[in-house]
Structures are given as structure tokens and as C-alpha cells.
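Enquirer: Generate a structure from the sequence data that follows.
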Amino acid sequence: MSNNSLPDRINGTARFQHMRIEQLIIFENDDFVAVNKPSGLLTIPDRHDTTLDALSTRLKKHYGEIFTVHRLDRDTSGMVVFAKHETAHKYLSQLFESRDVEKYYLGIVNGELPTPAGSINAPIMEHPVQRGKMVTNAKGRPSLTDYEVVESFGIFSLVKLRIHTGRTHQIRVHMKHLGHPIAVDELYGSKEPVKLSAIKKKFKLGKFTEEETPLLARLALHAWQLSFTGMDDTRYVLEAPLPKDMTAVLQQLRKHKKA
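Expert: You can find the predicted model right below:
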């Protein structure tokens, strides 16, 4: 769906209308603020559609001045760090660029992975035809992702992922490359939402319910943990708790897991 479509404009404004920035803050000091970004909210404003809400815009209203260090895909939830002043911006930007930040994600992927842990070392480049899509290709830029299966449920698996490089859509492209795309990934897998009927064997709709409400209707990827050394030489390990929709899926998967 394009950024200019009506549903997106509605989602981009009304959906986050009553959101308070204080509720999203995980940690802050004089140098930076770490925020738990909701899925569907842009990290920075869209160049082509200024009506869409963005996290950096909200933070600027709250703090007066804020500096973008890195970003997450719109549909990915989780940890984003913003600098509070220019010196911190320069320091943190260099830290992220030099790979001195440990970045861990949690993702719900389709199926069971063949090995409990491993690395995906597959270069990534822009798709030659489809704008905004990436592909693995020998001519691409070096890209490395480590993965570890946290829990396996047959139909889905919960996977912890660490990215050593920061390519666009890296985890999503690498999981597709592995044959186990992230759940509800319209671009690299299937846009089919996760429903209880797919998890629970003898699922029945309620008597007055016409259509089943999905447990999860967005990309099942969450930026879970960032670890780095701050300007004050303190080692920071910052975690963003899993959002309710992903937690709900995991609860149902655990409940109905085959013995």
C-alpha cells in the first residue's frame, strides 16, 4: 500500500492521535532518549506525504530539539534512540555506523527453522524492478544476520536475531532467503494476518460474530534490545518490551502447542 493511500493517511494521523510520548520512553539522560516505537508509526517524516505522523516530530514537540541517529521500518516496532544535542548526535551516529552497537530483534517467523541457530551471510541489493524492495544478490552489499530459535511451535517460530550490518529490510530479506519469512510480511512473505483459527484446532466463531478478529495484523518484527557504550563511558543495555499483539500470538501458540 502506498504512503499516499487514504487508509494510510487515516492510520498515520488518527491512529496515534491520543498517544502520549511519555508512555513510549524507555530511558533518557542528558545525551539521548530511547523510545519504544509502535508499529505503523514512521521514525522520521515521509518526504512525499507530510500528513503522516512521525516519531521524531512528536519528540521535537516534546523536547524542542532532537536528532535522528538511526531508524526502523514503519511496520517494525521497538527500540529507537534519538540524540538530544549535536555532540551526542555525532557520537551516537559514529557508533551506529562503525557497528559498535549490538542490535537484537525478536521476530515471529513462518514454520520451523532447520537449525536452532546460525548466520545468514548473503549480500543485499535493491530489486532491479520493484521499487522499495530488496533482494539477496552476489552483487549486493555485504550483509550479516545471526539467528537463534527461542521457541518453536511448528506453524511459527519465535526467533532472536542480531544484525551486524544495517541494510534496508535486512532481517526481512534474510528470513525470506532462509525460506522462513517474518509473519505478516506483505513484501517478502504473506500479508495474511495471524488468526486464532490457524493456531487452535477446534476453533469456532462466536454465535454473533461474523468475522474473526486477527491476533496480529502487522509485520511480526520487534527491535528488542540495543547495547552500547555512552558518552559517559557507561555500558547501556536497553530493552523494549514486546507489544501486546505479538505477546498475544505467543500466548496462544504456547497454549495450543502440540505436546
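
Enquirer: tally of neighbours for Phe27?
Expert: Neighbour count for Phe27, taken as other C-beta atoms under 10 Å: 14. Bear in mind the C-beta positions are built from the backbone N, C-alpha and C, glycine included.

Enquirer: Let's test this: what are the backbone torsions at it?
Expert: phi -160, psi 150 (degrees, to the nearest 10).

Enquirer: same check, this time on Ile199
Expert: The phi and psi values for Ile199, taken as degrees, to the nearest 10, are phi -100, psi -40.

Enquirer: which non-adjacent residue is nearest Asp30?
Expert: Leaving out its chain neighbours, the residue that sits closest to Asp30 by C-beta to C-beta, 6 or more residues apart in numbering is Lys84, at 6.7 Å.

Enquirer: Distance of the one you found relative to Val33?
Expert: As defined by C-beta to C-beta, to the nearest Å, Lys84 lies at a distance of 6 Å from Val33.

Enquirer: Common neighbours of those two, please.
Expert: Common neighbours of Lys84 and Val33, using C-beta atoms under 8 Å, 6 or more residues apart in numbering, are 63, 66.

Enquirer: pLDDT score for Arg99?
Expert: Here, the pLDDT recorded for Arg99 equals 84.

Enquirer: wait, I meant Gly12
Expert: Per-residue confidence for Gly12 comes out at a pLDDT of 48.

Enquirer: surely the residue nearest to Asp30 meets Lys60?
Expert: No. Taking contacts as C-beta atoms under 8 Å, Lys84 lies outside contact range of Lys60: 11.2 Å.

Enquirer: List the residues that are in contact with both of those two.
Expert: Ile66.

Enquirer: Between these two, which is the more surrounded one?
Expert: Higher neighbour count among Lys84 and Lys60: Lys84, with 19 against 14, using other C-beta under 10 Å.

Enquirer: Can you name the residues that contact the more buried one?
Expert: Contact partners of Lys84, counting by C-beta under 8 Å, 6+ apart, are 28, 30-33, 63, 65-67.

Enquirer: out of the residues you listed, which are inside helices?
Expert: In helices, defined here by DSSP state H, the members of the contacts of Lys84 are Tyr63.

Enquirer: What subset of the contacts of Lys84 is buried?
Expert: In those, burial by neighbour count holds for 31-33, 66-67, counting by 16 or more other C-beta atoms under 10 Å.

Enquirer: what's the closest non-adjacent residue to the most centrally placed residue in the chain?
Expert: Note on the chain: the residue nearest the mean C-alpha position is Thr76, at 2.5 Å, using C-alpha atoms, centre = their mean. Of all residues beyond its chain neighbours, the one nearest Thr76 is Leu221 (4.8 Å), with distances taken as C-beta to C-beta, 6+ apart.

Enquirer: ok, that neighbour to Pro214 distance?
Expert: 16 Å.

Enquirer: So which of the two has more stuff around it?
Expert: The residue with more neighbours, out of Leu221 and Pro214 and counting by other C-beta under 10 Å, is Leu221; that gives 29 against 18.

Enquirer: give me the beta-bridge partners of that one?
Expert: When bridges are called by DSSP bridges, Leu221 pairs up with Gly107.

Enquirer: what's Pro116 in contact with, if anything?
Expert: For Pro116, the set of contacting residues under the criterion of C-beta under 8 Å, 6+ apart consists of 148-149.

Enquirer: coming back round to it: isn't the residue nearest to the centre of the chain up against Trp224?
Expert: No. Contact status for Thr76 versus Trp224: not in contact, 10.7 Å apart, counting by C-beta under 8 Å.

Enquirer: The residue nearest to Ser77 when sequence neighbours are not counted: neighbour count?
Expert: Taking C-beta to C-beta, 6+ apart as the measure, Ser77 lies nearest to Ser39, with 4.2 Å between them; neighbours along the chain are not counted. Neighbours of Ser39 under the rule other C-beta under 10 Å: 22.
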